[in-house]
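**Student:** Predicted model and sequence follow; I will ask about them next.
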Amino acid sequence: MENIKILIIGGTGFIGYHLATKCLKLRWKVTSISLKKPRKKRKLKSVIYRLCDISHKKKLRNIVKNKKYNYVVNLGGYVDHINKKRTYKSHVVGSRNLFQVLKNKKIKSFIQIGSSNEYGNLKSPHYESRIGKPKTIYGKSKYLASNYLLECYKKYKFPVTIIRFYQLFGPGQDINRFLPQLIHACLKKIVFFTSSGKQSRDFLYIDDAIEAIIKSIKAKESKGKIFNIGSGKAIKLKKIMEIVEKRLNYFYPVYGKVTLRKDEPNIIYPNTNLAKKILKWKNKTSFSKGLDKTINYYKKSFNKERAF
């Protein structure tokens, strides 16, 4: 069996933890580079953890020096819509540094995790062929990083694939995200401050997202391309709140307390035909089934610790 080694940038985060778990099941050797040590629940025994800010090229070069990796997945960077300098450095400078330190290492696949924010306020469904019009600092930084790496593919055949995720959810997601916050409020029987809930978003269960990354790594035809990865359907946040209320028998919302950004579209979802065609990927987990798994995870955590 081939001794496959994968480097995950941001391997201690929500997506990174689930990706590392999947890779270990495939018997791949996993190295993670991140800003912080993994929290207790996300620490995996067989993963090599290294601390590094990828915007610092010298330290990054020292970490990967004399190391060989078959695959690299870049999940790194701040999800920040305010701090321009920090966001730009973590995504644009970080991606540039990764290319420069990895370009001669003969890696087989480099997966750059992009974002639906790269499309900006373009009307949904989003198509990969359309030129993005990002409005936020985060969206612009992701878009610049994606374009830089695609140019590296054109000029140097750097084996990059861009994956644009939409709203991911599942067990272990950070509490500051919409669904964990909602479930947490219902379990603790506290007030949930929210927007009007009229906006619609595409939600994809984490296992399907990880499967998309693995298929992107393995697909020869994926190099130099962008893939939208989502369920392909938008669901109103208010409907999600109503579903969770029925599941947990409690909900005390205060609508209108959370304001949307002025540039934020009301409906966001992708066309995923390209991923179906080239990656042979499609989501397998319905929103309802994924939600049940997510609620069960947080209920167990709540009952065990009485806290998240």
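**Tutor:** Happy to help now that I have it.

**Student:** Helix, strand, or coil at Gly77?
**Tutor:** When states are read from DSSP: H, G, I helix; E, B strand; the rest coil, the local structure at Gly77 comes out as coil.

**Student:** One more: Val73?
**Tutor:** Using three-state DSSP as the criterion, the local structure at Val73 reads strand.

**Student:** neighbours of it, just the number please.
**Tutor:** Neighbourhood size, Val73 [other C-beta atoms under 10 Å]: 27. Backbone N, C-alpha and C define where each C-beta goes, glycine included.

**Student:** what do you get for the one 10 residues further on?
**Tutor:** Asn83 has 13 neighbours, counted by other C-beta under 10 Å.

**Student:** Name all residues that make contact with it.
**Tutor:** The neighbours of Asn83, taking C-beta atoms under 8 Å, 6 or more residues apart in numbering as the test, are Ile137.

**Student:** how near is it to Ser141?
**Tutor:** When distance is defined by C-beta to C-beta, to the nearest Å, Asn83 is 11 Å away from Ser141.

**Student:** Leu75 against Tyr17, yeah?
**Tutor:** No. The pair Leu75 / Tyr17 is not scored as a contact, 10.1 Å apart, by C-beta atoms under 8 Å.

**Student:** ok, which stretches of this protein are strands?
**Tutor:** 5-9, 29-34, 48-51, 71-74, 109-115, 160-165, 167-169, 192-193, 200-201, 203-205, 226-229, 235-236, 253-254, 267-268 (DSSP state E).

**Student:** Export the ones you listed to TSV and append columns for distance to Tyr127 and mean pLDDT.
**Tutor:** Compiled in TSV, these are given as follows (distance: least, C-beta to C-beta, whole Å; pLDDT from 0 to 100):
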stretch	distance to Tyr127	mean pLDDT
strand 5-9	27	98
strand 29-34	33	98
strand 48-51	37	98
strand 71-74	23	98
strand 109-115	14	98
strand 160-165	11	98
strand 167-169	18	98
strand 192-193	35	91
strand 200-201	18	97
strand 203-205	17	98
strand 226-229	8	98
strand 235-236	20	98
strand 253-254	34	89
strand 267-268	13	96
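
**Student:** Domains in the protein, by residue range?
**Tutor:** Using automatic domain parsing, the domains assigned to the chain come out as 5-167+203-229, 174-202+232-267+285-305.

**Student:** mean pLDDT lowest for which of those?
**Tutor:** In terms of mean pLDDT, the lowest-scoring of those is domain 174-202+232-267+285-305 (a mean of 91).

**Student:** Report the buried residues of stretch 146-156.
**Tutor:** Neighbour-count burial for stretch 146-156, counted by 16 or more other C-beta atoms under 10 Å, picks out Ser146, Tyr148, Leu149, Leu150, Cys152, Tyr153.

**Student:** Appreciated, that's everything.
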